[in-house]
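Enquirer: model the following, please.
(chains A and B)
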Protein chains: 2
Amino acid sequence: MSSVEDVARREQGTEFLPKFDANGLITAVAVDHRTGALLMLAHMDAEAIAKTRESGFAHFHSRSRKRLWMKGESSGHVLKIVEIRVDCDQDALELRVEPAGPACHTLATSCFYRALSSDGTLKRIDD
Amino acid sequence: MSSVEDVARREQGTEFLPKFDANGLITAVAVDHRTGALLMLAHMDAEAIAKTRESGFAHFHSRSRKRLWMKGESSGHVLKIVEIRVDCDQDALELRVEPAGPACHTLATSCFYRALSSDGTLKRIDD
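Expert: The predicted structure is shown next:
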């Protein structure tokens, strides 16, 4: 359990203190800085955060492949970092980005291309 | 490992097949449907998804308190659901919402109220 001081430091302070989970990961959400569209959600470890900051392009940690990857390393659809934001308890990051193409591997602009209807089925959203 | 058919069904189909992690949770991101602002990130289990759909207000599963909670249950700052979107592999949800007040428990409009500067410190973003 964190002390009250620890919580205040993390929530109100100017220190970047990312809170990694038991697997050393933090959730990152990429948002198109021009349109505000939620593009994708992935995970970062300390290495991915460092590489993202150094290079200016979004890097993540693949849980299935157990390795660092740069978004767009094979497709060319990189995400250029405009700003990195952190949430109150520093266990999530918002990457404000300029996408070089569709963010989803399915070639949709965003990975969130379907909405749940009241009948319980998914319907495709027109971009 | 999923088969090619399973992947296609999950990514291209109309069935809602949320992919829960080992703890029975899926990540959910709340977005203000009017402004597009990323408000908060939390986790949902099957019960939280069901309650959210039934009630029309965002419910989550608290990992620390190990229970269902409705966002705003004590503060009144509920998140009214406008639309629920799902990502390609159905392991993340986007809740498009109408917030009744500040989304963050710190009373910031969004939990993402600080940006990482090039010098490595966090700076508060003006709403």
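
Enquirer: helix or strand for whichever residue of chain A sits closest to chain B, which one?
Expert: For chain A and chain B, the shortest gap (C-beta to the nearest C-beta) falls at residue A:36, measuring 2.8 Å. For glycine as for every other residue, the C-beta is placed from the backbone atoms N, C-alpha and C. Using DSSP states H and E, residue A:36 sits in no helix or strand.

Enquirer: would you mind naming what in chain A lies close to chain B?
Expert: With C-beta under 8 Å from any C-beta of the partner chain as the criterion, chain A meets chain B at residues A:11-16, A:27, A:29, A:31, A:35-38, A:40-41, A:53, A:83-88, A:92, A:94, A:104-106, A:108, A:111-116, A:120-123, A:125.

Enquirer: just these: which are in strands?
Expert: Secondary structure defined by DSSP state E assigns A:27, A:29, A:31, A:38, A:40-41, A:83-86, A:92, A:94, A:114-116, A:122-123 of the residues of chain A next to chain B to strands.

Enquirer: I'd say the residue of chain A closest to chain B and residue B:35 touch.
Expert: Yes - using C-beta atoms under 8 Å, residue A:36 is in contact with residue B:35, at 7.4 Å.

Enquirer: what ranges do the helices span in chain A?
Expert: Remark: helices assigned in chain A by DSSP state H are A:4-12, A:46-55.

Enquirer: deepest of the ones you listed, which one?
Expert: Most buried of the helices of chain A by mean neighbour count (mean count of other C-beta atoms under 10 Å in any protein chain shown) is helix A:46-55; its value is a mean of 16.

Enquirer: packing partners for it?
Expert: Judged by 3 or more C-beta pairs under 8 Å, 6 or more residues apart in numbering or on different chains; DSSP states H and E, helix A:46-55 is in contact with strand A:59-62, strand A:67-70, strand A:79-86.

Enquirer: list buried members of the ones in strands among the residues of chain A next to chain B by neighbour count.
Expert: A:27, A:29, A:31, A:38, A:40-41, A:84-86, A:92, A:94, A:114-116, A:122 (16 or more other C-beta atoms under 10 Å in any protein chain shown).

Enquirer: which residue sits closest to residue A:19 in space, ignoring its chain neighbours?
Expert: Nearest-residue entry for residue A:19: residue A:91, 4.2 Å, with adjacent residues in sequence omitted and distances by C-beta to C-beta, 6 or more residues apart in numbering or on different chains.

Enquirer: residue contacts, that neighbour?
Expert: Applying C-beta atoms under 8 Å, 6 or more residues apart in numbering or on different chains to residue A:91 gives the contacts A:18-19, A:21, A:26-27.

Enquirer: hmm, who's touching the helix or strand of chain A with the lowest mean pLDDT?
Expert: Using mean pLDDT, DSSP states H and E, the weakest-scoring helix or strand in chain A turns out to be helix A:4-12, at a mean of 91. Residues from elsewhere that reach helix A:4-12 (C-beta under 8 Å, 6+ apart): A:2, A:15, A:17, A:19, A:88-90, B:106.
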